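Trainee: Quick one, what's the 3D model for this:
(one chain, ligands or ions: 1)
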Amino acid sequence: MITTEELKENLASVEKNIEEACKRAGRERDSVKLISVSKTNPNEVLEMAYELGVRVFGENKVQELTGKIDYFNEHVTEQPEWHLIGHLQTNKVKYIVGKVKLIHSVDSEKLAAVIDSESKKKGVISDILVEINIGNEESKFGIDASETVELVQSIAKYQNIRVKGLMCIAPYTEDPEENRKFFKKIKKLSVDIADKNIDNVSMCELSMGMTGDYCVAIEEGATMVRVGTGIFGRRNYAI
Ligand SMILES: *Cc1c(COP(=O)(O)O)cnc(C)c1O
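Mentor: Presented below is the predicted three-dimensional model:
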């Protein structure tokens, strides 16, 4: 398990990188939210991060996420923000609506419809991002960039959902510069959609950039970066 010292160092170096990337891009530090991707890490490690000041966690599996939310409800008074960043099945929507700050991974109208009806049932409005597949062969999820406008328009009619922007998972690469073109493309797409002034739709959030490429993503306009390994160290999928 990672030690508090290591975690503290990792958080400090990610923070420094974010600040420098913001400076290079002429952006304010608070225009970028760091999401600490805690998947596969045990509650104790999340609590350690919480004690070091982390208040925004990202998880990719519903069951793991709800378990961690329950743990935090019992153990801390000021609840952190939870972001669902992984694929969401329609039959699991009911477990997370009302509990998460943002669902990053909406890629069909069917899923949006279920989130809408569950939100209505619970009396909440759910904020979502539309996930784009930017030609990443490893990622089966997300819609084609060319279908984005149509999907966003069809989701806009649901009254208990608010589209806040776009999300993408760039391919794994040793050289983050290789992903710059994808980030540029998503940024342009979000500007094009914002220009259409669709009711109920804002394009203020761009969730892009992971451990290998978040600095480039920030330079290209990311408002949320999802960093796992860079904070918590290599994941152990055996647990
Ligand atoms: C795991 C994961 C991340 C974090 O990946 P790292 O490379 O460890 O930073 C970001 N986004 C999504 C959707 C993930 O599943």
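
Trainee: tell me the mean pLDDT over the top helix by length along the chain?
Mentor: The helix that spans the most residues within the chain, counting by DSSP state H, is helix 4-25. The average pLDDT for helix 4-25 rounds to 98.

Trainee: Quick check: closest non-adjacent residue to the residue in the chain that the ligand sits nearest to.
Mentor: At 2.8 Å from the ligand, residue 228 is the closest residue in the chain, using C-beta to the nearest ligand atom. (C-beta placed from N, C-alpha, C; glycine too.) Setting aside the residues directly before and after it, residue 228 is nearest to residue 37 in space (C-beta to C-beta, 6 or more residues apart in numbering), at 3.3 Å.

Trainee: Can you report phi and psi for that neighbour?
Mentor: Dihedral pair for residue 37: phi -90, psi 100, per degrees, to the nearest 10.

Trainee: can you pull the contacts of it?
Mentor: Residue 37 makes contacts with 57, 58, 59, 60, 85, 210, 226, 227, 228, 231, 232, as judged by C-beta atoms under 8 Å, 6 or more residues apart in numbering.

Trainee: Pull the number of nearby residues for the last one.
Mentor: Using other C-beta atoms under 10 Å, residue 232 has 25 neighbouring residues.

Trainee: pLDDT weak spots in the chain?
Mentor: 237-239 (pLDDT under 70).

Trainee: Run through the helices of it in chain order.
Mentor: With DSSP H as the criterion, the chain has helices at 4-25, 43-51, 62-75, 93-96, 109-122, 148-155, 180-195, 214-219, 229-232.

Trainee: Tell me which of these is the most buried.
Mentor: Highest mean neighbour count among those (mean count of other C-beta atoms under 10 Å): helix 214-219, with a mean of 24.

Trainee: near the ligand, which residues of the protein show up?
Mentor: Contacts of the chain with the ligand, taken as C-beta under 6 Å from any ligand atom, map to 37, 39, 60, 85-86, 169, 210-212, 226-230.

Trainee: Columns distance to residue 95 on top of these, output as a markdown table?
Mentor: Below are these laid out as a markdown table (distance: C-beta to C-beta, whole Å):
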| residue | distance to residue 95 |
| --- | --- |
| 37 | 19 |
| 39 | 16 |
| 60 | 14 |
| 85 | 16 |
| 86 | 13 |
| 169 | 23 |
| 210 | 25 |
| 211 | 27 |
| 212 | 30 |
| 226 | 21 |
| 227 | 25 |
| 228 | 22 |
| 229 | 26 |
| 230 | 28 |
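
Trainee: Derive a ChimeraX selection command for the buried subset of the residues you listed.
Mentor: Per 16 or more other C-beta atoms under 10 Å, the buried members of the residues of the chain next to the ligand correspond to this ChimeraX selection:
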select :37,39,60,85,86,169,210,211,212,226,227,228,230
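
Trainee: Just the residues of the chain next to the ligand: which are in strands?
Mentor: Among the residues of the chain next to the ligand, DSSP state E puts 37, 226, 227 in strands.

Trainee: If we only consider those residues, which is nearest to residue 177?
Mentor: When those are compared for distance to residue 177 (C-beta to C-beta), residue 227 wins out at 18.2 Å.

Trainee: Tell me who's in contact with the closest one.
Mentor: 14, 34, 35, 36, 37, 209, 210, 211, 214.

Trainee: Grab the nearest non-local neighbour of the last one.
Mentor: Nearest in space to residue 214, with sequence neighbours left out and distances taken as C-beta to C-beta, 6+ apart, is residue 225 at 4.0 Å.

Trainee: For that neighbour, grab the count of nearby residues.
Mentor: Number of residues near residue 225 (other C-beta under 10 Å) recorded here: 27.

Trainee: Pretty sure it sits against residue 208.
Mentor: Yes: at 7.4 Å, residue 225 and residue 208 qualify as touching, with contact defined as C-beta atoms under 8 Å.
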